[in-house]
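**Q** coords please:
(one chain, ligands or ions: 1)
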Amino acid sequence: MRVDIISIFPEYFTPLDVSLIGKARQKGLLDIRLHQLRDWTHDVHRTVDDTPYGGGPGMVMKPEPWGEAIDAVVGAATTPPRLVVPTPSGRPFTQEVALEYAKEPWLLFAPARYEGIDSRVMAEYASRLRVDEVGIGDYVLAGGEAAVLVIVEAVGRLLPGVLGNAGSVADDSFAPGAMADLLEGPVYTKPPVWRGHEVPPILLSGNHGAIARWRRDQALRRTIAKRPELAARLDRRALDKRDREI
Ligand code: SAM
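**A** Residues are numbered from 1 along each chain as shown. You can find the predicted model right below:
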């Protein structure tokens, strides 16, 4: 997958050199290209913002540098990228959206600063690209760079060959399928007793069927306790008799 990121803080993305995503880049599974938005300004101050029309506090990102930058990155591509614009007012970013993005060959991110990007930029590209305004949660960050890091990590780990054990995606919270609204239950490793806390004996039993059942029970209990709104959304048809008793 190719990922382009246009930002006034390209240095913000050094975490993409480490761990899983760093290894995916080394293996050539992820081609991440960073661009400095100010390279597409033409004044001595390399200005990317201006005061908002209509007044009010804060500054708004000017359309011209964004337009030039996006045009330059997209070029004459016959299959253009999907343009992802992080904003608190966007479509909520979920595991479902991450799975959708993982199927794309090319994503282009436009993280803003200040009060965001002049809205005409999204309107302009909506006729040429698929434009997604995406929010990573109901809170306000200082800029879109952290949101891009979140999205790239969530999407990158879903790409074929990135995770050592691809099966772990199927056990994750929000795993795709009929039980997509289920959280993963608690996990344990050695030693069997730590500071007096024991690992649930069923996990040491070697009985794979019983362990799978226990894990499902725990996942359901955790979802009901911590995210009742997700539990309420669970597909009733995917629940068995035991699930319903929980
Ligand atoms: N005034 C804007 C509003 O209330 O929607 C928030 C602007 S915020 C200070 C600056 C930038 O950070 C946004 O344009 C966006 O790129 C990014 N951002 C902030 N919170 C975000 C969130 N929850 N999800 C995605 N991006 C976010």
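
**Q** tell me the buried residues in the helix or strand encompassing Ile224?
**A** Following DSSP states H and E, one finds Ile224 within helix 208-226. By neighbour count on 16 or more other Cβ atoms under 10 Å, the buried set for helix 208-226 is 214-220, 222-223. (Each C-beta comes from the backbone N, C-alpha and C, glycine too.)

**Q** what is the nearest of those to the ligand?
**A** Thr223 (23.6 Å; Cβ to the nearest ligand atom).

**Q** I'd like the distance between Asp138 and Val150.
**A** Distance check for Asp138 against Val150: by Cβ to Cβ, to the nearest Å, it reads 14 Å.

**Q** got a list of what the residue lying closest to Val199 once chain neighbours are set aside touches?
**A** Nearest residue to Val199, sequence neighbours excluded (Cβ to Cβ, 6 or more residues apart in numbering): Tyr188, at 4.5 Å. The neighbours of Tyr188, taking Cβ atoms under 8 Å, 6 or more residues apart in numbering as the test, are 199-200, 203.

**Q** of these, just the buried ones, PyMOL syntax please.
**A** In PyMOL syntax, the buried subset of those is picked out as below (16+ other Cβ under 10 Å):
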select buried, resi 203
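
**Q** ok and the residue in the protein nearest the ligand?
**A** Closest point on the chain to the ligand, by Cβ to the nearest ligand atom, is Gly144, at 2.8 Å.

**Q** check which helix or strand covers the residue most central in space within the chain.
**A** Residue closest to the mean C-alpha point of the chain, counted by Cα atoms, centre = their mean, is Ile151 at 2.4 Å. Assigned by DSSP H and E, Ile151 belongs to helix 145-156.

**Q** following that helix, which helix or strand shows up next?
**A** Moving toward the C-terminus from helix 145-156, the next helix or strand (DSSP H and E) is helix 168-171.

**Q** now do the helix or strand that that following helix is followed by: everything it contacts.
**A** Next in sequence after helix 168-171, counting helices and strands by DSSP H and E, comes strand 193-194. Applying Cβ under 8 Å, 6+ apart, the contact partners of strand 193-194 are Val199.

**Q** mean confidence score for strand 193-194?
**A** Strand 193-194 shows a mean pLDDT of 98 in the predicted model.

**Q** so what strands line up beside it?
**A** Here strand 193-194 has these sheet partners by DSSP bridges: strand 197-198 (antiparallel).

**Q** now do the partner strand: distance to the chain's middle.
**A** Centroid separation between strand 197-198 and its chain, computed with Cα atoms, centre = their mean, to the nearest Å, is 35 Å.

**Q** what do you get for stretch 67-79?
**A** Distance of stretch 67-79 from its chain centroid, counting by Cα atoms, centre = their mean, is 23 Å.

**Q** for the helix holding Ile151, C-alpha coordinates in CSV please.
**A** Below are the C-alpha coordinates for helix 145-156, written out as CSV (Å, rounded to 0.1, in the frame of the first residue of the first chain):
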residue,chain,number,x,y,z
GLU,A,145,-1.0,14.4,12.6
ALA,A,146,-1.8,12.3,15.6
ALA,A,147,-5.0,11.1,13.9
VAL,A,148,-3.0,10.1,10.9
LEU,A,149,-0.6,8.1,13.1
VAL,A,150,-3.6,6.3,14.6
ILE,A,151,-5.2,5.5,11.2
VAL,A,152,-2.0,4.4,9.6
GLU,A,153,-1.2,2.0,12.4
ALA,A,154,-4.7,0.6,12.6
VAL,A,155,-4.7,0.1,8.8
GLY,A,156,-1.1,-1.0,8.4
